[in-house]
Each structure stands twice: as structure tokens, then as C-alpha cells.
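*Asks:* need coordinates for the below:
(one chain, ligands or ions: 1)
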Amino acid sequence: SKALVWLRRDLRCDDHAALHHALRRFEQVYCVFVFDTDILDALPSRQDRRVEFIHASVLELHQALQQLAVRSGAPGGGLLVRHGPALACITQLAQQLGVQEVVANRDYEPQAIARDQRVAEALQARGIAFSDYKDQVLLEQGEVLTQQGRPYSVFTPYKRAWLQRLDAFQLTPYPVDRHARHLAPPPTGERLPTLSELGFIPTNLHQLALPTGMSGAQQLLRDFVPRMATYHEARDYPARKGVSYLSVHLRFGTVSVRQVAAVAARQAAQGCTGAQTWLSELAWRDFYFMILWHYPQVVAQCFRPECDGLQWDDAPALWQAWCEARTGYPLVDAAMRQLLQTGYMHNRLRMVVASFLTKDLGIDWRRGERFFARHLNDYDLAANNGGWQWTASTGCDAQPYFRIFNPVTQSQRFDPEGRFIRRYLPELARVPDAHIHFPAAMKPAALATCGLRLGEDYPLPVVDHARARERTLMRFAFLAESD
Ligand code: FAD
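*Replies:* Have a look, this model is predicted:
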């Protein structure tokens, strides 16, 4: 018997649900990754860190599968790689290899669900089965429900139920090695495409401190584990190394979410507050996947339907200033430069810039969400949509609309000495700490001392925060009436 494991956002060969089940159930198991042109052709640029990250991780995975086969005494091993529309690639390959089943890990995004449905139908028409397994989340949409059997829409009770359900069984790794002798040798003449053969050119990925592949994920995890105990204190300060930086690896499955959660759960059970807080972040991750699955309309609409009546501003010049890190609010601009230069943005800053766009500039959260989708290495529809709707106060269990971040006080609190700001805005390097959060308030003499020409070296603020705040309260006022 033969099966084909189709890897998508699960680019590893340890603790892998689909691979484990296929190896357990079939005598010969092939593995494939498709560079799906339906996705790649829609990308706005031929220079994309995500494509390069995937490409590097796929190369490593190919070698890891070969090594796994050697260790297990399998006749072959390695990854088949295809470049084309997923539907055609998978159906053709499954037929060519003569497999009885295509096995994958479950995806929760509406487009991916529709794609898998089409692939399953096409395979079925050729007498080939399609099956999928839970792998990318700890607990799925149907596993944590209210007593009435309904999805939770408030995080705190969801997390309580989630923690109760997250037992040792859920955190046990899939022992892929146990049946790895069933790995099948790829057909002869197979080779992996280069990045340029895929039509992409290199980015600055390799200059960034972002190691790729399974080994990169383990490196980041090893680095984070000793810091986990202080996560709850350090995580809000973008200038400090307080977070794990594992998001891109969780996004592409170069690390198993069970593995990282098991580490946190062990420390959390011993009363470690940092580990408990970090585990909560993984609960947020599952929460947003669950929301997206139950409410796929959130992709285009507000979770709270009454919020679709909000009148957003078009404001092209303000939009441009936000996108290009020229708002005149240093923390916002430094955060946007971090995004543009590295593809990463610290969580505190994602909240600050999302709040600034929606509540200071009055621009629809959907435009910001799309911008992040284009630039974030870890872009994930569920988490990104959840984060934007939370900040814009249109989402489930969102922050109340009258909680409007002040970009200056956020900066004073979370980057008190302006270390993060100076890292990304060298033009402000000589501005004293007292003024780094809002240089527009500096007197001419102080400006002259540090040689800063406002409006030339650094922009004047594009809006007045206090006035913008008033406008936002008015914009949302009709919600208060309907509450
Ligand atoms: P850590 O603090 O180390 O957290 C560990 C892991 O938990 C993360 O890697 C991530 O997988 C998960 N996580 C943490 N916070 C959240 C959260 N609020 N929601 C869901 N999962 C979370 N996260 C993404 O992975 N992709 C996105 O596209 C994304 N867009 C966001 C947009 C906005 C407006 C906001 C406010 C948040 C967004 N987040 C997103 C959540 C969060 O900012 C990132 O997961 C985090 O900054 C990644 O850094 P880290 O891996 O060091 O996180």
C-alpha cells in the first residue's frame, strides 16, 4: 500500500501528525511540497522573505527526510517538490506514484479549506482517498466549546476550558521515527528547484537574525527556554529580547506547537509565571484559529456586525505616511521601519500601530490588515485578523472602543530611553531621552542643540492625537447607543 503526504504549513519531519499516521498505515510513503502558483502568483513582489524562508526550510527538510530514512533502514526518503497549481500537481503526482491516499495536516483558512475540498474531490474521481489530521493547533474548533456546545467568543473562559482540556495526551509528540522504515525513495530524476527557478530573487533574510528550517526553530527555542521565566515582565519592551521570535516557525510548522507547548506547560505546572503567560499566547493562537473556522466571514467583515456601519476615512496622504513610517510619532515610525526592514514587528508595537491607523488616522482596519499580510514574515490570517479586529474594537472580545492608545505615553512606558526608536530612526539618535517620544514638542533652542530640523530630517506629526481621539469617540458613538 502507498500514500503521499502533502506538506503545506508543516515543514518538519518530527512530531508530525500526517506523516506519522501515513507511515503507520501504509507500506510506502512519499512526501511532497508544492510551491503553489495559485498563491505565489498573487504575491505583489518577486522578492518575498516568506518564499525564501520556505525555500530554505524545504531544502533542509529534504535532507532531514533522507537522514531519517537512512537511520530507519528505509530504502529511500527525501522530499518531492513541485511548482504549479496545487490541484493539478497533487492529483497528477498521486496518480503517477499509484498511491491509495493523500494525507495532509488540516488547514483552517477558508481558501485552504476550499482548495482541500477541490483536491479531495479530484482525487476521489480518480479513486484516491484524501484524509487530514489535526497538527497545527493544540486544540481545534470542536474541542473547546461552551456547555451549550457553542464556540466561545470571550477569551478568558475559553482559556480556562482550553487549559483543562490540554492534558498530557494532547502534548505527546507523534513518534514519526517508529515507522520511518516505510519512507519510500523518490522517483529517479527528481531535483529541488532553486529560488530563481521559482521566479523569486533573494531578500535580506540571511542578514537577519532569523534562522530557517527545523534547525533554526530549535535554535530559537533553546535560546528562549532560559528566558521564559521572565517573559511576563520582559515581553512588552521592544528594545529588550523578551519574546521567543518563534512566530514564523509556528506559521510554517518548522517547529511543532506541541513541542513548544509541552516545554511551557512543564514550567507552568511548577508555578512559573512567565511560562504561564507564554502558554496563554498559544491559547490566543488556538482561539483565533477557532474563531476563523466558526466565523469565516471575519476575513472581510467585522466580527461584531454592527461595526460594519462604521464610517472610516479615505485619507490617502495619512495612509501613505503610515505605510512609509512618516507619521511624526517616533514609536509608530520605528515600528513600521522594523516591519519594512525585517518583516517582524514586536507584539506591543503591532497594537500601537494598528491603534494609530484605526483610531488616530480613522482608517479602516482591513487596509492595515492587508498591509501586514504583505509584509509580515509570520503573517497568519487567523492571528492577524484577530489582532487587527481586537485593536480596532470590531472583533470578538476586543478592547473597548474608548480605549485609545496614546502613541506618546505608550512610547514613554515601553521604550523609556528610546532605545528601540533610535535603533530604527537614526535621524533621532541625538535627541535627548526627554524628547525622543515626541520631538514635535521641542523648543527651537533644543532642536538646534541636537541639530534636528523638524519637517526635514524628521516629519511633523500628521495628526494631533487629542483631536483624533475625539473624532474616534464620535465615530464609535453609535455603538455606545446600541450597547
Ligand atoms: P511570543 O510573544 O513569543 O509568543 C509565542 C507565540 O504565541 C507566537 O509565536 C504566536 O504564535 C503566538 N501568539 C502570541 N501572541 C498572539 C496573539 N495575540 N494572537 C495569536 N497568536 C499569538 N501573530 C502571528 O503569528 N501572525 C500574524 O499575522 C499576527 N498579526 C498580528 C496583528 C496585530 C495587529 C496584532 C496586535 C498581533 C498580531 N499577531 C500575529 C500576534 C503577535 O503579535 C505575534 O504572534 C508575536 O508578536 C510574534 O512574536 P513572537 O513569536 O516572539 O511571540
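
*Asks:* how many residues are close by the residue in the chain that the ligand sits nearest to?
*Replies:* In the chain, no residue comes nearer to the ligand than residue 387, which is 2.4 Å away by C-beta to the nearest ligand atom. For every residue, glycine as well, the C-beta is placed using N, CA and C. A count of neighbours around residue 387, defined by other C-beta atoms under 10 Å, yields 22.

*Asks:* any idea which element the residue nearest to it when sequence neighbours are not counted lies in?
*Replies:* Closest residue to residue 387 apart from its sequence neighbours, by C-beta to C-beta, 6 or more residues apart in numbering: residue 350 at 6.0 Å. Using DSSP states H and E, the element containing residue 350 is helix 347-355.

*Asks:* by contact count, what packs against that helix?
*Replies:* Packed against helix 347-355 by the contact rule (3 or more C-beta pairs under 8 Å, 6 or more residues apart in numbering; DSSP states H and E) you find helix 330-342, helix 365-375, helix 381-391, helix 407-414.

*Asks:* mind listing what's buried in the last one?
*Replies:* For helix 407-414, the buried set under the neighbour-count rule, 16 or more other C-beta atoms under 10 Å, comprises 407, 408, 410, 411, 412, 414.

*Asks:* try stretch 168-175
*Replies:* Buried residues in stretch 168-175, counted by 16+ other C-beta under 10 Å: 171, 174.

*Asks:* any idea of the mean pLDDT for that stretch?
*Replies:* Mean pLDDT, computed over stretch 168-175, is 97.

*Asks:* hey, C-alpha coordinates of that stretch in PDB?
*Replies:* Backbone C-alpha positions of stretch 168-175 (Å, rounded to 0.1, in the frame of the first residue of the first chain) are rendered in PDB as follows:
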ATOM      1  CA  ALA A 168      -0.500  15.100  28.600                       C
ATOM      2  CA  PHE A 169      -2.000  13.200  25.700                       C
ATOM      3  CA  GLN A 170      -2.500  16.400  23.700                       C
ATOM      4  CA  LEU A 171       1.100  17.300  24.300                       C
ATOM      5  CA  THR A 172       2.600  13.900  23.400                       C
ATOM      6  CA  PRO A 173       4.800  14.100  20.300                       C
ATOM      7  CA  TYR A 174       3.900  11.800  17.300                       C
ATOM      8  CA  PRO A 175       6.700   9.200  17.200                       C
END
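
*Asks:* check contacts around residue 78.
*Replies:* Contact partners of residue 78, counting by C-beta atoms under 8 Å, 6 or more residues apart in numbering, are 31, 62, 65, 66, 69, 185, 186, 190.

*Asks:* then residue 369?
*Replies:* With C-beta under 8 Å, 6+ apart, residue 369 has these contacts: 384, 385, 388.

*Asks:* please repeat the previous calculation with a cut-off of 10 Å.
*Replies:* Applying C-beta atoms under 10 Å, 6 or more residues apart in numbering to residue 369 gives the contacts 299, 354, 357, 379, 381, 384, 385, 387, 388, 389, 392.

*Asks:* now residue 35. Its backbone dihedrals?
*Replies:* phi -80, psi 100 (degrees, to the nearest 10).

*Asks:* can you check the pLDDT for it?
*Replies:* At residue 35, pLDDT is 98.

*Asks:* next one: it from residue 198, what distance?
*Replies:* Plainly put, residue 35 is 5 Å away from residue 198 if you go by C-beta to C-beta, to the nearest Å.

*Asks:* who touches both of these two?
*Replies:* 51, 54, 55, 81, 83.

*Asks:* residue 131: which of those is nearest?
*Replies:* Using C-beta to C-beta, residue 81 comes nearest to residue 131 of these, at 22.1 Å.

*Asks:* which residues sit against the helix or strand encompassing the closest one?
*Replies:* Assigned by DSSP H and E, residue 81 falls within strand 80-84. Residues from elsewhere that reach strand 80-84 (C-beta under 10 Å, 6+ apart): 4-7, 30-38, 40, 55, 58-59, 61-62, 65, 88-90, 92-93, 97, 184, 186-187, 190-193, 197-199.

*Asks:* in its sheet, what does it sit against?
*Replies:* Looking at strand 80-84 with DSSP bridges, its partner strands are strand 28-36 (parallel).

*Asks:* now the partner strand, how far from the centre of its chain.
*Replies:* In terms of C-alpha atoms, centre = their mean, to the nearest Å, the gap separating the centre of strand 28-36 from the centre of its chain is 23 Å.

*Asks:* give the buried residues for the very next helix or strand once past it.
*Replies:* Per DSSP H and E, the first helix or strand lying C-terminal to strand 28-36 is helix 37-40. In terms of neighbour count (16+ other C-beta under 10 Å), helix 37-40 has its buried residues at 37, 39, 40.

*Asks:* turn these into a markdown table, columns for distance to residue 365.
*Replies:* Converted to a markdown table, the buried residues of helix 37-40 look like this (distance: C-beta to C-beta, whole Å):
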| residue | distance to residue 365 |
| --- | --- |
| 37 | 30 |
| 39 | 23 |
| 40 | 27 |
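
*Asks:* out of the residues you listed, which is nearest to residue 465?
*Replies:* The closest of the buried residues of helix 37-40 to residue 465 turns out to be residue 39 (C-beta to C-beta; 38.8 Å).

*Asks:* surely that closest one and residue 198 touch.
*Replies:* No: between residue 39 and residue 198 there is no contact under C-beta atoms under 10 Å: 11.6 Å.

*Asks:* now the common contact residues for these two.
*Replies:* Shared contacts of residue 39 and residue 198 (C-beta under 10 Å, 6+ apart): residue 51.

*Asks:* could you work out the end-to-end span of stretch 4-19 for me?
*Replies:* End-to-end span of stretch 4-19 (C-alpha to C-alpha, to the nearest Å): 9 Å.

*Asks:* list buried residues within the contacts of strand 80-84.
*Replies:* Here, 16+ other C-beta under 10 Å leaves 4-7, 30-37, 40, 55, 58-59, 61-62, 65, 89-90, 93, 97, 184, 186, 198 buried among those.

*Asks:* wait, residue 230 sits on residue 274?
*Replies:* Yes: at 5.4 Å, residue 230 counts as touching residue 274 under the criterion of C-beta under 10 Å.

*Asks:* mind listing what's buried in stretch 366-380?
*Replies:* So for stretch 366-380, counting by 16+ other C-beta under 10 Å, buried means 366, 367, 368, 369, 371, 372, 375, 376, 377, 378, 379, 380.

*Asks:* just give me the closest of the residues you listed to residue 343.
*Replies:* Among the buried residues of stretch 366-380, and counting by C-beta to C-beta, the member closest to residue 343 is residue 377, at 3.7 Å.

*Asks:* can you tell me the SS state at that closest one?
*Replies:* coil (DSSP: H, G, I helix; E, B strand; the rest coil).

*Asks:* identify the residues contacting the closest residue to it other than its chain neighbours.
*Replies:* The spatially closest residue to residue 377, leaving aside those adjacent along the chain, is residue 343, at 3.7 Å (C-beta to C-beta, 6+ apart). For residue 343, the contact set (C-beta under 10 Å, 6+ apart) comprises 48-50, 53, 203-205, 208, 210, 248, 375-379.
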